[in-house]
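Undergrad: Okay, sequence plus prediction incoming.
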Amino acid sequence: MVERAMTCREALNLLPLFFDGELDANQMRAVALHSTRCGGCEDQLRRMERVQEVISAQVSGAVDEVDFSTLWRGIDERLGTVHVSWWTRARAWWGERERSWVITGPAFAAAAAVALLGFLLWTRTPPTTQPDASQVANVDIESLDSDVDAVTVLNDNETRTTVIWVSDDTPAGGDTP
């Protein structure tokens with residue numbers, strides 16, 4: 001397929017876009033090819049380059065003369081102090097390191113382990129003070145012979161406890177058996 005040659009009118013309309021690099025590849029190639037073969041369009045392109053250089057030099061010179069030393073201080077004074085919550089800072093810190101699982105992976109695992117340990121300790125049942133039923137001897141006390149006058153027997157069926165209290169108190173000056 002043979003492409004037709006671009007006319008000067010078409011090229012001049014596209015030169016600003018060509019100069020800014022805003023044309024597609026085919027149009028860029030067509031304008032470049034035309035401007036290398038057409039002296040008038042090439043001169044127009046060189047004038048655009050020169051205008052660009054002059055404007056750039058003027059803007060750079062003006063910017064160099066501006067004193068920016070107090071600019072940030074003035075901006076900072078107008079902004080004031082922003083208080084960021086610890087939660088926002090923690091999320092930002094975590095987000096910065098999100099791509100680095102070398103740090104966040106073990107940190108997450110350690111946090112999960114601490115949480116699990118805390119949960120297990122919190123839900124743990126306290127040790128029982130009563131022995132298992134297999135350790136308790138089921139003994140029925142029908143009678144108790146003793147030389148001592150004071151014997152007390154206490155049975156508690158709910159806790160399965162039997163207490164036998166033997167007092168060896170003798171009256172003062174009395175005979176001991």
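TA: Happy to help now that I have it. Nothing here was measured: the structure is a model prediction, and the numbers come from that model. Numbers count the residues shown, from 1 in each chain.
Undergrad: Secondary structure element for residue 154, which one?
TA: Taking DSSP states H and E as the criterion, residue 154 maps to strand 150-156.
Undergrad: Remind me which helix or strand residue 69 belongs to.
TA: Short version: residue 69 belongs to no helix or strand, going by DSSP H and E.
Undergrad: Relative to residue 78, how far out is it?
TA: Noted for residue 69: a distance of 17 Å to residue 78, by C-beta to C-beta, to the nearest Å. Placement of C-beta: from N, CA and C, glycine included.
Undergrad: if we can go back for a sec, packing partners for the strand holding residue 154?
TA: strand 161-167 (3 or more C-beta pairs under 8 Å, 6 or more residues apart in numbering; DSSP states H and E).
Undergrad: Mind listing the strands the strand it packs on pairs with, and their directions?
TA: Paired with strand 161-167 in the same sheet, following DSSP bridges, are strand 150-156 (antiparallel).
Undergrad: Can you dump the C-alpha atoms of the strand it pairs with in CSV for me?
TA: Taking C-alpha atoms only, strand 150-156 is exported to CSV below (Å, rounded to 0.1, in the frame of the first residue of the first chain):
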residue,chain,number,x,y,z
ALA,A,150,-15.0,-35.9,122.7
VAL,A,151,-15.3,-37.3,119.2
THR,A,152,-17.1,-35.5,116.4
VAL,A,153,-17.9,-36.9,113.0
LEU,A,154,-19.0,-34.6,110.1
ASN,A,155,-20.4,-36.0,106.8
ASP,A,156,-21.0,-33.8,103.8
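Undergrad: so where is the protein shaky, pLDDT-wise?
TA: Within the chain, the segments meeting pLDDT under 70 span 1-3, 97-104, 127-151, 167-177.
Undergrad: could you pull out the helices for it?
TA: 8-20, 25-37, 39-65, 71-79, 86-96, 101-123 (DSSP state H).
Undergrad: Just put those in TSV and tack on distance to residue 155 and mean neighbour count.
TA: Shown next, in TSV, are the helices of the chain (distance: least, C-beta to C-beta, whole Å; neighbours: other C-beta atoms under 10 Å):
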stretch	distance to residue 155	mean neighbour count
helix 8-20	104	15
helix 25-37	104	15
helix 39-65	101	11
helix 71-79	81	9
helix 86-96	60	10
helix 101-123	35	10
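Undergrad: could you dump the ones you listed to JSON lines with distance to residue 166?
TA: Below are the helices of the chain laid out as JSON lines (distance: least, C-beta to C-beta, whole Å):
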{"stretch": "helix 8-20", "distance to residue 166": "112"}
{"stretch": "helix 25-37", "distance to residue 166": "112"}
{"stretch": "helix 39-65", "distance to residue 166": "107"}
{"stretch": "helix 71-79", "distance to residue 166": "86"}
{"stretch": "helix 86-96", "distance to residue 166": "66"}
{"stretch": "helix 101-123", "distance to residue 166": "44"}
